[in-house]
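S.K.: here's a sequence, model it:
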Amino acid sequence: MDTTHFGLREVPFNFSPDPRFCYATSLHEDVYYGLLIHIRDRAGLILLTSEAGIGKTLLLHRLMSEVDNPISFVLFANTTLTFDELLLSICNDLGLDPGQGSGLHYLRLLREFLIEQGAEGVCLLIDEAQDLPEETLHDLR
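M.R.: Residues are numbered from 1 along each chain as shown. I've put the predicted structure just below:
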């Protein structure tokens, strides 16, 4: 894209949505602040659904870029993995060293981390969760 022709300083469209280029309608703002309230209140499982291309992924990226600590976010977009592979990915994203082990080992490591975090908390965001294998979704619950 010729950025000079349009007077742009950088290319606005990349592989991952960039929240700096978000044009939020009033509906987007309502959904964003609803998600924010649920996350800060530790409401548990939240489901966000809409038509493709509406901006759900962009909202997730916006949450991660705008929410201050102490919340740690893990964005998970690979929805073809098993539950054990999902746990391993979460441990890696949180900076834990899972080493070699099984799902039970990863779950124990993750549980210890969450207890240590205490009030801070971790928020797992799953983009395209409808594509998770049913067994993985059941185990995640």
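
S.K.: can you list phi and psi of the closest residue in space to residue 126 that isn't next to it in sequence for me?
M.R.: Nearest residue to residue 126, sequence neighbours excluded (CB to CB, 6 or more residues apart in numbering): residue 76, at 4.9 Å. For glycine as for every other residue, the C-beta is placed from the backbone atoms N, C-alpha and C. Main-chain dihedrals, residue 76, degrees, to the nearest 10: phi -120, psi 120.

S.K.: likewise the one 5 residues further on?
M.R.: Here is the backbone geometry of residue 81 (degrees, to the nearest 10): phi -80, psi 160.

S.K.: and what of residue 123?
M.R.: Dihedral angles of residue 123 (phi, psi; degrees, to the nearest 10) stand at phi -120, psi 120.

S.K.: can you tell me how far it is from residue 39?
M.R.: Between residue 123 and residue 39 the computed distance is 5 Å (CB to CB, to the nearest Å).

S.K.: and for these two, which residues touch both?
M.R.: Residues touching both residue 123 and residue 39 (CB atoms under 8 Å, 6 or more residues apart in numbering): 63, 71.

S.K.: mind giving me the packing neighbours of the host helix or strand of residue 84?
M.R.: Assessed by DSSP states H and E, residue 84 sits inside helix 83-93. Applying 3 or more CB pairs under 8 Å, 6 or more residues apart in numbering; DSSP states H and E, we find helix 83-93 packed against strand 72-76, helix 103-117, helix 134-140.

S.K.: mind checking which of these is nearest residue 50?
M.R.: In this view, the helices and strands packed on helix 83-93 are compared for proximity to residue 50 by CB to CB, and strand 72-76 is the closest at 17.9 Å.
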